[in-house]
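Enquirer: pasting a predicted model and its sequence here:
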Amino acid sequence: MKDIIKPIVVLASICLIVTALLAYVNMVTQPIIKAAEEKAAAEARAEVLSEAKDFEELDIKNLPEGVTAVFRGSNDSGYVFMMTQKGYGGDIRLICGMHMDGTIEAVKTLSHSETSGIGSRVVDNGSGYRENYVGKDADSYKEVDALTGATISSTAYKKAIASAFEAYKTVKEAKQ
């Protein structure tokens with residue numbers, strides 16, 4: 001009996017110690033990670049709406065599916081829309097800056113799980129695909145063609161942009 005209980009107690013003790021250490025490390029690093037994420041989000045907002053000095057998050061009800069947050073830029077420079085859309089390999093997280101007149105200043109991919117070399121040609125920030133949307137409005141963004149071989153990713157990107165235009169309309173109607 002002693003040969004069975006002793007290894008169980010030792011193993012359970014090791015598990016408890018490791019669990020406590022992991023909980024402690026998580027508690028210590030969580031505020032650091034959150035601060036880094038907030039800083040990265042603020043930098044991304046500034047990148048897609050360059051005229052704004054700071055941003056105010058708007059509390060808008062009935063946002064279109066896929067739009068996770070809306071920010072208004074200072075000095076009425078425009079809006080920033082945070083979006084998540086399902087692509088081929090998983091969720092694509094985008095941020096879109098839009099001027100007050102409803103034209104896109106910039107779009108940036110925050111994260112994605114698209115296939116390397118195929119779908120990633122659409123969502124990688126250095127690929128050039130996102131520049132196709134710059135200057136487009138609610139009517140002209142539909143003219144942007146999908147990339148051959150990455151149709152699902154291209155369609156997801158365009159659907160996210162459509163959601164941003166729907167959110168823009170909702171914000172304007174709410175007079176925010």
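Expert: It's in.
Enquirer: quick check: phi and psi at residue 52.
Expert: The phi and psi values for residue 52, taken as degrees, to the nearest 10, are phi -80, psi 140.
Enquirer: over to residue 104?
Expert: The phi/psi pair for residue 104 (degrees, to the nearest 10) reads phi -80, psi 130.
Enquirer: hmm, it is touching residue 131, no?
Expert: No: if you go by Cβ atoms under 8 Å, residue 104 and residue 131 don't touch, sitting 10.2 Å apart. C-betas here are computed from N, CA, C, even on glycine.
Enquirer: neighbour count: the two, which is higher?
Expert: Between residue 104 and residue 131, residue 104 has the larger neighbour count (other Cβ atoms under 10 Å), namely 26 against 11.
Enquirer: which SSE is immediately downstream of the lowest-mean-pLDDT helix or strand in the chain?
Expert: None of the helices or strands of the chain scores lower by mean pLDDT, DSSP states H and E than helix 120-123, at a mean of 65. The helix or strand immediately downstream of helix 120-123 is helix 151-173, counting by DSSP states H and E.
Enquirer: rounded mean pLDDT for that next one, please.
Expert: Per-residue pLDDT values over helix 151-173 give a mean of 88.
Enquirer: now do it: which elements does it pack against?
Expert: strand 67-73, strand 78-86, strand 91-99, strand 104-111, helix 120-123 (3 or more Cβ pairs under 8 Å, 6 or more residues apart in numbering; DSSP states H and E).
Enquirer: where among the ones you listed is average confidence lowest?
Expert: Note on these: lowest mean pLDDT is at helix 120-123, with a mean of 65.
Enquirer: count of neighbours near residue 89?
Expert: When neighbours are defined as other Cβ under 10 Å, residue 89 has 18 of them.
Enquirer: for burial, what's the neighbour tally of the closest residue to it other than its chain neighbours?
Expert: Closest residue to residue 89 apart from its sequence neighbours, by Cβ to Cβ, 6 or more residues apart in numbering: residue 113 at 4.1 Å. Neighbourhood size, residue 113 [other Cβ under 10 Å]: 14.
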